[in-house]
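Visitor: After the sequence you'll find the predicted model.
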Amino acid sequence: MASKIITDKIVSPEEIAAIARRAKQKNKTIAFTNGCFDILHAGHVNYLNAAADLADLLILGLNSDASVKKIKGEKRPVIHDTHRAVVLASLACISHIVIFDEPDPGSLIKLIIPDILVKGEDWNENEIIGADFVKQNGGRISRIPLAPDISTTAIIKKILDTRSAVPGGTITS
């Protein structure tokens, strides 16, 4: 069971709206990013720390299992959303996590009204969900460079390739 320090970071959309309002009243800047974060890796950690460096609080919108399936297909996610949330909440750089069911974080962005909307450089600004809304509300967009040659998809492929390379198709440790 995760500690209260970790589980307290995982909040509902209603709770995050109130948290964001209180932070803004205290003149705190809020960065928001989102994603599946199916198998946490160094690229994710570097990205999230860079996002956190941009503001006082980093709020992460985490795609639910149903949302990941819509985006990535029936075989994903590999890790259940509550487990992904606990692992991510253990990172000091993340202030709060909200799990959302929609395929995109548009409604969550409208609840939070972040000062900075963060995505990876692989996204063109005009493709980033919520970018226009954030800019209309005085915020900005930040696109962060991604670590080369590391992705969840590549990790899954390597695991499957390793499995098929082992006699009998099983992996032994």
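Guide: Cool, the structure landed. Numbers count the residues shown, from 1 in each chain.
Visitor: looking at it, V118 is touching L54, isn't it?
Guide: Yes - V118 lies in contact with L54 (Cβ atoms under 8 Å); the separation is 6.6 Å. Placement of C-beta: from N, CA and C, glycine included.
Visitor: anything in contact with each of those two?
Guide: When contacts are counted by Cβ atoms under 8 Å, 6 or more residues apart in numbering, V118 and L54 have A31, S142 as shared neighbours.
Visitor: higher neighbour count, the two?
Guide: More neighbours surround V118 than the other of V118 and L54, with 26 against 17 (other Cβ atoms under 10 Å).
Visitor: List the buried residues in the lowest-mean-pLDDT helix or strand in the chain.
Guide: Per-element confidence for the chain was summarised using mean pLDDT, DSSP states H and E. The lowest value among helices and strands belongs to helix 152-165, with a mean of 78. Of the residues in helix 152-165, those scored as buried under the neighbour-count criterion (16 or more other Cβ atoms under 10 Å) are T152, I155.
Visitor: burial measure for K4, as a count.
Guide: Residue neighbour count, defined by other Cβ under 10 Å, stands at 8 for K4.
Visitor: separation between it and I10?
Guide: Distance, K4 to I10, using Cβ to Cβ, to the nearest Å: 11 Å.
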